[in-house]
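Participant: Any chance you could fold what I've pasted below:
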Amino acid sequence: MPTALEIMEHLANAGRDQEPVVYSDVPMSYHPLTIDAIEGVNEETAPYVKPAKEVLSLAYVTLNQLNEARRAVQHDESLTEAGKLLKLADFASKHQELVTRKFDAVHKNLSVGIGALERQLNAPVVEAARVSPFAVEIRDHVKAMNPDQRMQWLNEMTRKDDRQSLNAVLGAPSYLTGLSDEMKAGYAAHYHRTTNPGLVARLDVMKKALDKVETLGGRLLLDVEKSLGHKHGWSEVSRVRAVKVKANDPFKF
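Facilitator: Below is the predicted model of the structure:
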């Protein structure tokens, strides 16, 4: 019988040629192979989202351990129902803290990595706009256009791959060119995808992985509470703990 750690490592490193480990009573959204299913994840980009895959593995195995613990504690005849709940709650609290810390760390690292990649993509464009001898004239020319003309001009420069003109506009603040922030972001994304497809592919999968980590990190607390098997969850745990403290007061020295 493999240990939880061995299963977690298997889950984190599993490929499509391996039989996946599946727990029927744990939501599949936590399964680490859902990271592999993100559009754009391949041999080149997979290493950059591996931390997300590892934290999902940890959460997936942990939720299964909590479910197994709930089933096991029901057979402990030495405990009352309240005692069983407290024992399971103590076990769940420790695991929840561990997994939550891991989610926070992965979220932070992905966010930092995404920020670094965005700066790496934007820096050459901003620098090109700064040093171009015609940048000011190009921006003034574009700002004098109406919105439809601006869009037509951007489409034409994109079609011609006129990087000097595009850099002058996309490397400057929107208010200097009359573009909206949304329009500038859209054309900049297309420009980066054309000029640096590998970096953009890495950035895209990291953003999608971050979204998943954010979603499941928030959901984890609810699923841990659900694993307690009581309809009132942590509120019932708090009530029982308070009763226990009060009942033990006479035994204090």
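
Participant: ok, now which ones touch residue 22?
Facilitator: Contacts for residue 22 (CB atoms under 8 Å, 6 or more residues apart in numbering) come out as 28, 31. C-beta: built from backbone N, CA, C; applies to glycine.

Participant: for it, helix, strand, or coil?
Facilitator: Recorded secondary structure, residue 22: coil (DSSP: H, G, I helix; E, B strand; the rest coil).

Participant: do you know how far it is from residue 226?
Facilitator: 18 Å (CB to CB, to the nearest Å).

Participant: Same question for residue 102.
Facilitator: Counting by CB to CB, the gap from residue 102 to residue 226 is 20 Å.

Participant: Residue 121 too?
Facilitator: 41 Å.

Participant: These two: which is more packed in?
Facilitator: residue 121 (19 against 16; other CB atoms under 10 Å).

Participant: Is that one within a helix or a strand, and which one?
Facilitator: In the assignment (DSSP states H and E), residue 121 maps to helix 81-131.

Participant: Mind checking what helix or strand follows that helix in sequence?
Facilitator: Past helix 81-131, the next helix or strand by DSSP H and E is helix 135-143.

Participant: Run the angle between the helix holding residue 121 and helix 135-143 for me.
Facilitator: 110 degrees (axes from the mean of the first three to the mean of the last three CA atoms, to 10 degrees).

Participant: Which strands or helices does helix 81-131 pack on?
Facilitator: Here helix 81-131 touches helix 46-73, helix 163-170, helix 181-195, helix 197-227, helix 233-248, going by 3 or more CB pairs under 8 Å, 6 or more residues apart in numbering; DSSP states H and E.

Participant: I'd like these as JSON lines, with distance to residue 146 appended.
Facilitator: Formatted as JSON lines, the helices and strands packed on helix 81-131 follow (distance: least, CB to CB, whole Å):
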{"stretch": "helix 46-73", "distance to residue 146": "42"}
{"stretch": "helix 163-170", "distance to residue 146": "16"}
{"stretch": "helix 181-195", "distance to residue 146": "13"}
{"stretch": "helix 197-227", "distance to residue 146": "30"}
{"stretch": "helix 233-248", "distance to residue 146": "58"}
